[in-house]
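>>> predicted coordinates and the sequence they were generated for:
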Amino acid sequence: MIFPHLDERQRRLLVGAEARAWGRGGIRAVARAAGLREGTVSRGVSEVDSGADPPGRARMVGGGRKRLTELDPGLRPALSAAPPIPYTAHHEAELHIHRGGPSRRKPAGGHPPTPTLDEMLLITVLKTRFGLPRRVLVELFGTSHGPIAKAERQIRPLLEQHKHHIEPAHTSLRTLTEFTQLAAAHGITLTPGTKPARQ
């Protein structure tokens with residue numbers, strides 16, 4: 001059918017010509033058959049009868065849907081007041097929901113696993129609080145340098161945005177052994193992740 005390929009004015013002209021050919025009661029019959037308002041068909045008949053040259057646009061000035069900000073004047077201030085979500089964090093959240101969980105490394109190798117949101121937060125806290133080097137975080141979480149750096153880049157601005165300050169510890173830890181010993185002293189047993197195939 002040609003109807004879906006026409007713009008609004010062309011559709012009006014088509015139904016207007018059809019209603020004109022139908023004769024008496026044509027506007028109502030064509031409107032019902034085409035699923036349009038009788039006013040639209042009537043306007044099409046008028047445009048066919050006028051024989052005027054087609055204008056440069058299909059709609060009249062001011063036609064079409066109103067902007068949401070015109071329908072609800074309070075919408076723009078409400079959106080402006082909402083805290084912005086960095087695109088990458090928003091995108092990761094959408095992917096997480098779509099997958100039903102975090103991306104995980106294939107058993108046969110390939111790319112290292114992507115840290116979950118909880119792991120990204122923990123990576124940032126450990127880096128800020130204890131000054132753990134990236135190589136230690138890579139070994140601890142079984143990933144590579146890229147996801148560790150990405151976690152810091154994404155989480156740190158969110159913490160700052162919500163005015164959450166992480167106080168650095170008095171002693172910095174430089175090795176996985178030092179961190180494991182500190183955890184054991186507090187009754188926590190750590191199981192570092194599997195070292196990735198490539199870094």
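Alright, I've got the coordinates.
>>> quick check: longest helix in this structure by residues?
The residue-count maximum for a helix in the chain (DSSP state H) belongs to helix 145-161.
>>> pull the helix or strand that that one is followed by out as PDB, backbone CA atoms only.
Moving toward the C-terminus from helix 145-161, the next helix or strand (DSSP states H and E) is helix 176-185. The C-alpha atoms that make up helix 176-185 are tabulated as PDB, following Å, rounded to 0.1, in the frame of the first residue of the first chain:
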ATOM      1  CA  LEU A 176      49.300  -8.300  47.900                       C
ATOM      2  CA  THR A 177      51.000 -10.100  50.800                       C
ATOM      3  CA  GLU A 178      50.800  -6.900  53.000                       C
ATOM      4  CA  PHE A 179      47.100  -6.500  52.100                       C
ATOM      5  CA  THR A 180      46.300 -10.200  52.700                       C
ATOM      6  CA  GLN A 181      48.100 -10.000  56.200                       C
ATOM      7  CA  LEU A 182      46.100  -6.900  57.100                       C
ATOM      8  CA  ALA A 183      42.800  -8.600  56.100                       C
ATOM      9  CA  ALA A 184      43.800 -11.800  58.000                       C
ATOM     10  CA  ALA A 185      44.500  -9.700  61.100                       C
END
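>>> domains in this structure, by residue range?
The record's domain parsing of the chain by automatic domain parsing lists 1-52, 87-185.
>>> could the ones you listed go into JSON lines alongside mean neighbour count and distance to Thr191?
(Each C-beta comes from the backbone N, C-alpha and C, glycine too.) Output for those, formatted as JSON lines (neighbours: other CB atoms under 10 Å; distance: least, CB to CB, whole Å):
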{"stretch": "domain 1-52", "mean neighbour count": "15", "distance to Thr191": "59"}
{"stretch": "domain 87-185", "mean neighbour count": "15", "distance to Thr191": "9"}
